[in-house]
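Student: Please work out how this folds:
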Amino acid sequence: MINETPRVRFAPSPTGYLHVGGLRTALYNYLFAKKNNGKFILRIEDTDQNRFVEGAFENLIETLNWVGLTSDEGPKTGGEFGPYLQSKRLDIYMKHALQLIEEGKAYYAFDTPERLQTLREEQYKNKLQPIYDKLALQLSKKEVEKKLAAGEPFVIRMNIQPGTKVVINDIIRGRVEFDREVIDDQILIKSDGYPTYHLANVVDDHLMKITHVIRGEEWLSSTPKHILLYNFFGWELPEFAHLPLLLNQDKSKLSKRQGDVAVEDYKSKGYFKEALINFVALLGWSAGDDKEFYNIDELIEKFSLERVQKSGAVFNVEKLNWINSEHLKNKPLEELLILLKEELRISDFSENDYSDDYLKRVINSMKERVTFVSEYLVKSDYFFRPPVSYDENIIQKRWDISTPDNLNNLIEEFEKLENPNHSDYEAALKSVAEKLQIGSGKLIHPVRLAVSGVGVGPGIFELLEIVGKDEVIERIKTAINKIR
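Tutor: Sure thing, here's the model as predicted:
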């Protein structure tokens, strides 16, 4: 470790939404920083102007704040190593690139796109590694100055020299070696004057005193170039940790073609941020036990990079749904009440007035049966309006020629009750069943159908207590008239 206080960064590009893979990278950086009393830095890598999306930067910040991954330093929070937008640091990158040119570790290249395309095609044809052929190094200093003075387009490339293998000692993957022959003379400054990721991220990581670079494994093949840049500048290396890929169920790389990949999509579908964080944390990491339900404090306490796996992690939506349901069950009643009221406000039931006590009883009755707060309205809309239809399958199974008479007997018994609770309903129903010499089920199932329109839900007597005596009787009478 190169510093007593670890400093890590999440450095997304503002090219659209925040990918769940990006969320995991941000989360692991955040957990590592908090576990080790370090700093979590947000840096926006917006130097690729062709991929820049208007509003994406603000969306990234908003999404990270929503899930609770607020940075210690960043574009909005500030800090002593800013600015934290790379587009505001162009002079810094050019200064370092020119330093490398002065030292012979980088050079100007004036190749046309056509020449480079031809070179690549020849190399592919001859089954050679597609790397730059260093033609620009044959130019004399005077020729370079003449081309610069004439305003010819140029890039700045790093000058890779023959030598020993480049070794990465990765926290997750162990020792990884690369032959220098396969390392290209990477472009550092593009023809538009903007740096490539490779120069900008190395310069920024050094100047911002980043101690641990925690990022996706797609950057592993670029890391040798970064190590060489550190060496060119004479800077101390950070520690590297490359995270496994996220995979679809078929083990292909996670992509939008097979499902949602944007954090915002999961937010809009009603997933809890705590559940999303819990689920994403387990995509490639475990604490070494069988536990799968975590809050953020527990994740911080348990997290370590050494327990991150090398192999890809499958994104299983069914598991995410289960975790979301577990977080719903564990939420305080008052919080669920606020969320349910908001769902009601934007629903077809917005004009109705429900007491907090009524809604709390609805919440408790369905808590084990829903995954999202919105499902209180979808799966148990009968708490908010009488049934508009009746399940035909249940009618076929549970409603026969004797049912109307049986239910009329039950109505007579219910009408005698004063402020009944679930026990009173149960006793009344059993009494009628005994009088009619039928099983309780001959009443329970038709009553549920009459009151809710469906065949499943909370306990029948709990359902009757919540809906209330007058409404229950009215619904049973309506069902007797409607169901034939």
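Student: hmm, what's the outermost residue in this structure?
Tutor: residue 435 (58.1 Å; Cα atoms, centre = their mean).
Student: Which helix or strand contains it?
Tutor: Using DSSP states H and E, residue 435 sits in helix 422-436.
Student: Check which residues of the stretch of helix or strand residue 329 belongs to are buried.
Tutor: In this assignment (DSSP H and E), residue 329 forms part of helix 317-330. By neighbour count with 16 or more other Cβ atoms under 10 Å, helix 317-330 contains the buried residues 320, 322, 323, 324, 325, 326, 327, 328. Backbone N, C-alpha and C define where each C-beta goes, glycine included.
Student: List of residues touching it?
Tutor: Helix 317-330 has contacts (Cβ atoms under 8 Å, 6 or more residues apart in numbering) with 259, 266, 271-272, 274-276, 278-279, 292-293, 336, 367-368, 370-373.
Student: between the following helix or strand past it and helix 317-330, how many degrees?
Tutor: Moving toward the C-terminus from helix 317-330, the next helix or strand (DSSP H and E) is helix 333-345. Orientation check (axes from the mean of the first three to the mean of the last three Cα atoms, to 10 degrees): helix 333-345 against helix 317-330 gives 120 degrees.
Student: Now do the buried residues in helix 333-345.
Tutor: Buried, per 16+ other Cβ under 10 Å, within helix 333-345: 336, 337, 339, 340, 343, 344.
Student: Check stretch 353-371 too.
Tutor: 359, 361, 362, 363, 365, 366, 367, 370, 371.
Student: swap in stretch 126-137?
Tutor: Buried, per 16+ other Cβ under 10 Å, within stretch 126-137: 131, 132, 136.
Student: tell me the contacts of the second one?
Tutor: Residue 132 makes contact with 109, 116, 119, 157, 184, 185 under the criterion Cβ under 8 Å, 6+ apart.
Student: What's opposite residue 168 in the beta bridge?
Tutor: residue 176 (DSSP bridges).
Student: That one and residue 105, how far apart?
Tutor: 20 Å (Cβ to Cβ, to the nearest Å).
Student: pLDDT value on the residue farthest from the centre of the chain, please?
Tutor: Model confidence at residue 435, given as pLDDT, is 97.
Student: how about the nearest residue to it, chain neighbours excluded?
Tutor: In space, and not counting its chain neighbours, residue 435 is closest to residue 409: 7.1 Å by Cβ to Cβ, 6 or more residues apart in numbering.
Student: shouldn't the residue farthest from the centre of the chain be in contact with residue 410?
Tutor: No - counting by Cβ atoms under 8 Å, residue 435 does not reach residue 410; the two are 10.1 Å apart.
Student: what's the overlap in contacts for these two?
Tutor: Common neighbours of residue 435 and residue 410 (Cβ under 8 Å, 6+ apart) do not exist.
Student: just to revisit the earlier point, buried ones among the contacts of residue 132?
Tutor: 109, 116, 119, 157, 185.
Student: so how far is residue 271 from the last one?
Tutor: Distance from residue 185 to residue 271, counting by Cβ to Cβ: 45 Å.
Student: Same check on the second one?
Tutor: From residue 116 over to residue 271 the distance is 45 Å, taken as Cβ to Cβ.
Student: now the strands: where do they sit in the stretch 101-250 of the chain?
Tutor: 106-109, 155-158, 166-170, 174-178, 187-189, 212-216, 239-243, 246-247 (DSSP state E, counting those that start in this stretch).
Student: Which strands and helices lie in contact with the third one?
Tutor: What that stands for is strand 166-170. strand 174-178, helix 223-233, strand 239-243 (3 or more Cβ pairs under 8 Å, 6 or more residues apart in numbering; DSSP states H and E).
Student: And the contacts of that strand?
Tutor: Contacts of strand 166-170 (Cβ under 8 Å, 6+ apart): 175-178, 180, 183, 220, 223-224, 227-228, 239-242.
Student: Only the buried subset of these, as a PyMOL command please.
Tutor: Buried subset of the contacts of strand 166-170, written as a PyMOL selection, criterion 16+ other Cβ under 10 Å:
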select buried, resi 176+178+183+220+223+224+227+228+239+240+241+242
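Student: which regions of the protein lie under the pLDDT threshold?
Tutor: Low-confidence segments of the chain, defined by pLDDT under 70: 1-3, 257-258.
Student: Recalculate using a threshold of 90.
Tutor: For the chain, applying pLDDT under 90 flags the ranges 1-4, 14-17, 47-57, 129, 181, 249-261, 288-290, 350-353, 484.
Student: domain ranges for it?
Tutor: As given by automatic domain parsing, the domain ranges for the chain are 7-75+196-247, 91-189, 256-329, 331-384, 386-484.
Student: quick one: the third one to chain centroid distance?
Tutor: On the basis of Cα atoms, centre = their mean, to the nearest Å, domain 256-329 is displaced by 8 Å from the centre of the chain it belongs to.
Student: ok, so of the buried residues of stretch 353-371, who is nearest residue 59?
Tutor: residue 371 (25.9 Å; Cβ to Cβ).
Student: Excluding chain neighbours, what is closest to the closest one?
Tutor: residue 325 (4.4 Å).
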